[in-house]
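Novice: Show me how the following folds:
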Amino acid sequence: MNSQPDARPDARPDAVPAEPGSPAWWQARYAERERRRPRQGGLTLDRITAGALELADREGLEALTMRRLGEHLQVRHTSLYRHVASREELLIETVDHMLGEIRLPSLDGDWRAGLEAGAREFRRVLAAHPAVVPLLTAGQLLGPNALRAREHALAELLAHGWAPRPAVHVYLTVTHFVIGAAVLDSAGAARTAGQRAAMAELFASLSPRTHPVVHRHAELLNSLDPQAEFDFGLRTLLHGLDHPQSEEAPV
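Specialist: Below you'll find the predicted structure:
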């Protein structure tokens, strides 16, 4: 008996597929999409991943199983396996579908303003789908929509005079900052007003002999919300970037 109910029913037990989300897996997925002809009026990967995102938003990630998704889409769950071989593959594809909601900004004029707009747009999409955010670190972001954003940002930076190596550093640094902030928020680092008040009370109760700074600034340490922290961090990061013309990475 198959011990993984969300794996493709007809999968060969001796097959060793590439790990979902890995470069080799994505390469195989791209090749498969080139070969496959869509069925007229049939189930599509886009419909599947859109439904998966809706289900995760509404019921949480744990509810997103192949059987439950089939019910949500009103199709036999076995028909999903023509497009994704397992729940793990479904999750990877759903993340990329989410990234397709990003509206790519133009970096015309001020490249810093363009990068800031792009980072805020990325954060907007992640904030709209908090249940899916933890999946950003489950596999490498190499799907069509992820590569669309990567291509756009790097092309714009190069067009503004950045040399290739520092342009890559800038793109990855800003992207990782946004993802890190979103992951922390979704994992519970974001605090409600009640939680901030409780932490301020804790800090204020500490002895001023052992924790004089924390004791003195107990209210301030818990007064900023996640958006304010993100705003400060993003602007500090962007304004700390130089505009090197060489291939040397920014320092």
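Novice: can you count the residues close to Asp124?
Specialist: Careful, residue 124 is Arg; it's not Asp. For Arg124, the count of nearby residues is 12 (other CB atoms under 10 Å). Glycine gets a C-beta too; all of them are placed from N, C-alpha and C.
Novice: do the one 10 residues further on as well
Specialist: If you count neighbours by other CB under 10 Å, Pro134 ends up with 15.
Novice: do Ala138 as well
Specialist: Ala138 has 12 neighbouring residues, counting by other CB under 10 Å.
Novice: my guess is it contacts Ser22, does it?
Specialist: No. Under the criterion of CB atoms under 8 Å, Ala138 makes no contact with Ser22, lying 11.0 Å away.
Novice: Let me know the pLDDT of Gln4.
Specialist: Per-residue confidence (pLDDT) for Gln4: 46.
Novice: host element of Asp57?
Specialist: For Asp57, the host element (DSSP states H and E) is helix 45-59.
Novice: Please, where are all the helices along this protein?
Specialist: For the chain, applying DSSP state H gives helices covering 23-35, 45-59, 66-73, 87-99, 111-128, 144-159, 164-184, 193-205, 212-216, 226-239.
Novice: that older thread, check which residues of the helix holding Asp57 are buried.
Specialist: For helix 45-59, a neighbour-count test (16 or more other CB atoms under 10 Å) marks 45, 48-53, 55-57 as buried.
Novice: Just send those back as CSV, with pLDDT and distance to Ala18 too.
Specialist: Listed next are the buried residues of helix 45-59 as CSV, based on pLDDT from 0 to 100; distance: CB to CB, whole Å:
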residue, pLDDT, distance to Ala18
Leu45, 94, 18
Ile48, 96, 20
Thr49, 97, 19
Ala50, 97, 25
Gly51, 97, 25
Ala52, 97, 21
Leu53, 97, 24
Leu55, 97, 26
Ala56, 96, 24
Asp57, 96, 29
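Novice: Skipping adjacent residues, who's closest to Gly21 in space?
Specialist: Excluding the flanking residues, the one nearest Gly21 by CB to CB, 6 or more residues apart in numbering is Gly139, at 1.7 Å.
Novice: Just to check, that neighbour is in contact with Ile92?
Specialist: Yes. Between Gly139 and Ile92 a contact is recorded at 4.8 Å, counting by CB under 8 Å.
Novice: Show me the one of the helices of the chain that comes nearest Tyr81.
Specialist: Across the helices of the chain, the minimum distance to Tyr81, taken as CB to CB, is reached by helix 66-73, at 7.4 Å.
Novice: So which bits of that closest one are buried?
Specialist: In helix 66-73, counting by 16+ other CB under 10 Å, buried: 66, 69-70, 72-73.
Novice: go on, stretch 215-228?
Specialist: Going by 16+ other CB under 10 Å, stretch 215-228 has these buried residues: 218, 222, 226.
Novice: which one of those sits closest to Ile179?
Specialist: Among the buried residues of stretch 215-228, and counting by CB to CB, the member closest to Ile179 is Pro226, at 14.1 Å.
Novice: In this structure the closest one contacts Ala181, no?
Specialist: Yes. Counting by CB under 8 Å, Pro226 does reach Ala181; the two are 7.4 Å apart.
Novice: Show the contacting residues for the residue of the chain most remote from its centre.
Specialist: Outermost residue of the chain with respect to the C-alpha centroid, by CA atoms, centre = their mean, is Arg209; its distance is 42.9 Å. Arg209 sits next to no residue when contact means CB atoms under 8 Å, 6 or more residues apart in numbering.
Novice: so Leu206 touches Arg216, yeah?
Specialist: No. Under the criterion of CB under 8 Å, Leu206 makes no contact with Arg216, lying 10.1 Å away.
Novice: the bottom helix or strand of the chain by mean pLDDT?
Specialist: The helix or strand of the chain with the poorest confidence is helix 193-205; it has a mean of 86 (mean pLDDT, DSSP states H and E).
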